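J.: Below is the structure, and that's it, no one-letter string:
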């Protein structure tokens with residue numbers, strides 16, 4: 001029996017202090033996503049809708065001389081776009097409100113090349129409003145406004161920067177809020193033969209002022225970055241961090257290969273930590289060969305879309321899949337049926353995590369809050385926090401199991417840390433070659449990494465061990481395994 005009250009108080013305080021220390025969250029490493037960027041990344045797949053005069057002319061890039069009457073949808077139905085997006089498992093849609101031809105899908109006060117000058121809907125139509133109204137309370141709406149304008153007479157002069165900045169304010173204050181603003185870095189000649197020097201600093205200042213929670217896409221962000229190709233593929237190594245000092249979306253930007261991989265936090269390019277920014281990769285690709293709808297083209301197959309998914313979302317990117325409405329103003333039945341089948345295939349493969357009910361063990365920061373078992377639950381804000389940069393976690397399955405897919409997620413609110421993952425399997429009598437030694441599984445992880453067994457094979461074991469190499473002790477949100485052949 002403890003008779004000294006001072007001793008009791010001391011021990012109680014010690015235990016409370018120890019408990020607080022055990023449950024203290026690890027320190028963030030390097031740049032981390034904002035709340036808006038985290039919500040954006042967790043959307044995983046969004047829809048892009050290229051729609052405008054090119055839909056009717058057959059062009060991919062209009063030259064700005066098209067008559068406003070070229071735009072003439074016969075049965076515009078933005079609600080149908082939203083229906084297709086929801087049925088396909090997408091949470092957001094981005095509309096090309098103004099492409100390079102300069103035609104505005106809203107009656108802009110700053111251009112004479114808009115829907116208001118067309119005879120469609122007797123000159124009082126407003127596609128952007130129809131789109132935003134259709135999205136409201138169902139999916140998130142985003143907008144593409146190209147700075148290149150092959151029609152506007154002021155393009156190529158300082159006055160055009162005033163015009164474009166005014167258009168941004170007009171769209172976002174009249175039709176917003178939008179979850180994403182899509183900028184294209186294209187900078188060609190205008191109707192006067194001149195090229196524009198875009199005032200990116202001004203545009204971004206305006207966006208930050210009027211829509212601070214909107215994710216701004218460009219070649220270098222700042223909200224998210226172009227992935228460096230239009231095949232929907234992030235790099236085998238893909239960091240969500242990027243060095244952007246001295247660059248603009250149209251000049252001095254990183255090479256496409258750099259945009260695919262991002263910049264590793266300890267890169268020699270980085271002179272100081274503040275030079276590195278959290279700018280995750282967005283992987284844009286079209287379901288058809290072209291970006292606008294053309295009657296002679298057909299959509300990709302489900303297998304092709306799954307390959308894109310593995311190389312975008314599965315490589316720490318977000319997939320932006322273009323699905324262009326046709327001349328009626330609706331998404332074609334051919335495209336929508338493929339998209340629904342694409343969702344069903346994802347659900348078939350990823351609905352049953354074969355690691356549910358397993359047991360995970362590893363060294364971790366003291367306290368139950370950051371224990372290894374957290375990687376096997378489905379809660380986003382729980383994770384395993386390893387104590388060392390070189391860390392291992394073992395997963396014991398209930399029985400010998402066949403699987404060909406491993407999914408790993410870092411808890412990115414604390415930064416991206418992992419640079420290499422190796423796998424070790426216990427010896428057994430399975431189909432996969434017996435081994436107890438590490439072999440490379442992948443490099444970076446980030447928000448989500450999906451690893452498939454090479455050559456269509458599979459693993460066969462009841463015990464696997466993952467070996468993480470990281471710049472700082474890894475914080476792993478999820479580990480799951482699946483059998484795509486089931």
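T.: Nice, thanks for sending it over. These numbers come from a predicted model, not from an experiment. Numbers count the residues shown, from 1 in each chain.

J.: any idea where the strands of the stretch 151-300 of the chain begin and end?
T.: Counting by DSSP state E, counting those that start in this stretch, the stretch 151-300 of the chain has strands at residues 180-182, 215-218, 224-226, 241-243, 276-278, 281-286.

J.: I misspoke; the intended subject was the stretch 301-450 of the chain.
T.: 317-322, 359-362, 384-385, 390-403, 405-410, 418-425, 439-442, 449-452.

J.: Go through stretch 238-257 and flag the buried ones.
T.: 238-244, 247-250, 253-254 (16 or more other Cβ atoms under 10 Å). Using the backbone N, CA and C atoms, a C-beta is placed for each residue, glycine as well.

J.: Stretch 73-88 too?
T.: In stretch 73-88, counting by 16+ other Cβ under 10 Å, buried: 73, 76-78, 80-85, 88.

J.: okay, now residue 460: neighbour count?
T.: 18 (other Cβ atoms under 10 Å).

J.: whoops, residue 214 was the one
T.: Once other Cβ under 10 Å is used to define contacts, residue 214 is seen to have 21 neighbours.

J.: And for residue 185?
T.: Around residue 185 there are 18 residues (other Cβ under 10 Å).

J.: Also residue 438?
T.: Neighbours of residue 438 (other Cβ under 10 Å): 16.

J.: In the chain, where is pLDDT below threshold?
T.: For the chain, applying pLDDT under 70 flags the ranges 1-23, 267-274, 427-437.

J.: Name the nearest residue to the most centrally placed residue in it, ignoring sequence neighbours.
T.: By Cα atoms, centre = their mean, the chain has its centre lying nearest to residue 318, at 2.1 Å. Closest residue in space to residue 318, ignoring its immediate chain neighbours: residue 282 at 5.0 Å, by Cβ to Cβ, 6 or more residues apart in numbering.

J.: And for residue 388?
T.: Per Cβ to Cβ, 6+ apart, closest to residue 388 is residue 473, 5.7 Å.

J.: That neighbour reaches residue 385, doesn't it?
T.: Yes - counting by Cβ atoms under 8 Å, residue 473 touches residue 385, with 6.8 Å between them.

J.: got any residues that touch both of those two?
T.: Residues touching both residue 473 and residue 385 (Cβ atoms under 8 Å, 6 or more residues apart in numbering): residue 26.

J.: and the residue nearest to residue 318, how many neighbours?
T.: 26.

J.: What of residue 348?
T.: 12.

J.: Repeat that for residue 56.
T.: 18.

J.: Could you tell me which residues make contact with the spatially closest residue to it that is not a sequence neighbour?
T.: Leaving out its chain neighbours, the residue that sits closest to residue 56 by Cβ to Cβ, 6+ apart is residue 70, at 5.2 Å. Neighbouring residues of residue 70 by Cβ under 8 Å, 6+ apart: 53, 56-57, 118.

J.: Mind listing what's buried along stretch 200-212?
T.: Applying 16+ other Cβ under 10 Å to stretch 200-212 flags 200, 203-204, 206-207, 211 as buried.

J.: Distance to residue 469 for the residues you listed - can I get that in JSON lines?
T.: As requested, the buried residues of stretch 200-212 are exported to JSON lines (distance: Cβ to Cβ, whole Å):
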{"residue": "200", "distance to residue 469": "37"}
{"residue": "203", "distance to residue 469": "40"}
{"residue": "204", "distance to residue 469": "36"}
{"residue": "206", "distance to residue 469": "42"}
{"residue": "207", "distance to residue 469": "38"}
{"residue": "211", "distance to residue 469": "39"}
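
J.: how about the closest residue to residue 101 other than its chain neighbours, what does it touch?
T.: Once flanking residues are discounted, residue 101 sits nearest to residue 62: 3.1 Å by Cβ to Cβ, 6+ apart. With contact set as Cβ under 8 Å, 6+ apart, residue 62 has these partners: 52-54, 99-101, 103, 150.

J.: again with residue 262
T.: 225, 235, 238-242, 279, 281.

J.: redo that, cut-off 6 Å
T.: Neighbouring residues of residue 262 by Cβ atoms under 6 Å, 6 or more residues apart in numbering: 238-239, 241-242.

J.: Tell me how far it lies from residue 401.
T.: Using Cβ to Cβ, to the nearest Å, residue 262 is found at 34 Å from residue 401.

J.: do residue 167 as well
T.: Residue 167 is 56 Å from residue 401, by Cβ to Cβ.

J.: And residue 326, by the same measure?
T.: Taking Cβ to Cβ, one finds residue 326 at 46 Å from residue 401.

J.: is it true that residue 359 touches residue 397?
T.: No - at 8.4 Å, residue 359 does not count as touching residue 397 under the criterion of Cβ atoms under 6 Å.

J.: So for these two, which residue has more residues nearby?
T.: In this view residue 359 and residue 397 are compared by other Cβ under 10 Å, and residue 397 has more residues nearby, 18 against 14.

J.: hang on, the earlier thing: just say which of the strands of the stretch 151-300 of the chain is most tucked in.
T.: strand 224-226 (a mean of 26; mean count of other Cβ atoms under 10 Å).

J.: follow-up on the earlier one: wait, which of the strands of the stretch 301-450 of the chain is closest to residue 460?
T.: strand 390-403 (5.3 Å; Cβ to Cβ).

J.: got a list of contacts for that closest one?
T.: The contact list for strand 390-403 (Cβ under 6 Å, 6+ apart) reads 354, 357-362, 372, 458-460, 462-469, 474, 481, 483.

J.: could you give the angle of it to strand 418-425?
T.: Orientation of strand 390-403 against strand 418-425 (axes from the mean of the first three to the mean of the last three Cα atoms, to 10 degrees) gives an angle of 50 degrees.

J.: Neighbouring strands - and their directions - for strand 390-403?
T.: Each strand paired with strand 390-403, and its direction, by DSSP bridges: strand 359-362 (antiparallel), strand 459-470 (antiparallel).

J.: of the ones you listed, which approaches residue 343 most closely?
T.: strand 459-470 (26.4 Å).

J.: Quick one: residues in contact with the closest one.
T.: Residues contacting strand 459-470 (Cβ under 6 Å, 6+ apart): 389-397, 399-400, 402-403, 417-422, 424-426, 428, 430-432, 438, 474.

J.: Quick one: list the elements packing against the helix or strand hosting residue 95.
T.: Per DSSP states H and E, residue 95 falls inside strand 92-98. Packing partners of strand 92-98 (3 or more Cβ pairs under 6 Å, 6 or more residues apart in numbering; DSSP states H and E): strand 45-49, strand 140-145.

J.: Swap in 7 Å and give it another go.
T.: Applying 3 or more Cβ pairs under 7 Å, 6 or more residues apart in numbering; DSSP states H and E, one finds that strand 92-98 contacts strand 45-49, helix 78-87, helix 127-135, strand 140-145, strand 180-182.

J.: Any buried residues in that strand, and which?
T.: 92-98.

J.: Confirm the residue nearest to residue 388 sits in a strand?
T.: No - secondary structure assignment (DSSP: H, G, I helix; E, B strand; the rest coil) places residue 473 in coil, not in a strand.

J.: Would you mind confirming that it makes contact with residue 383?
T.: No - the criterion here is Cβ atoms under 7 Å, and residue 473 misses it with residue 383 at 11.4 Å.

J.: between these two, who's got more neighbours?
T.: residue 383 (27 against 21).

J.: Distance check, that one against residue 70.
T.: Distance from residue 383 to residue 70, by Cβ to Cβ: 53 Å.
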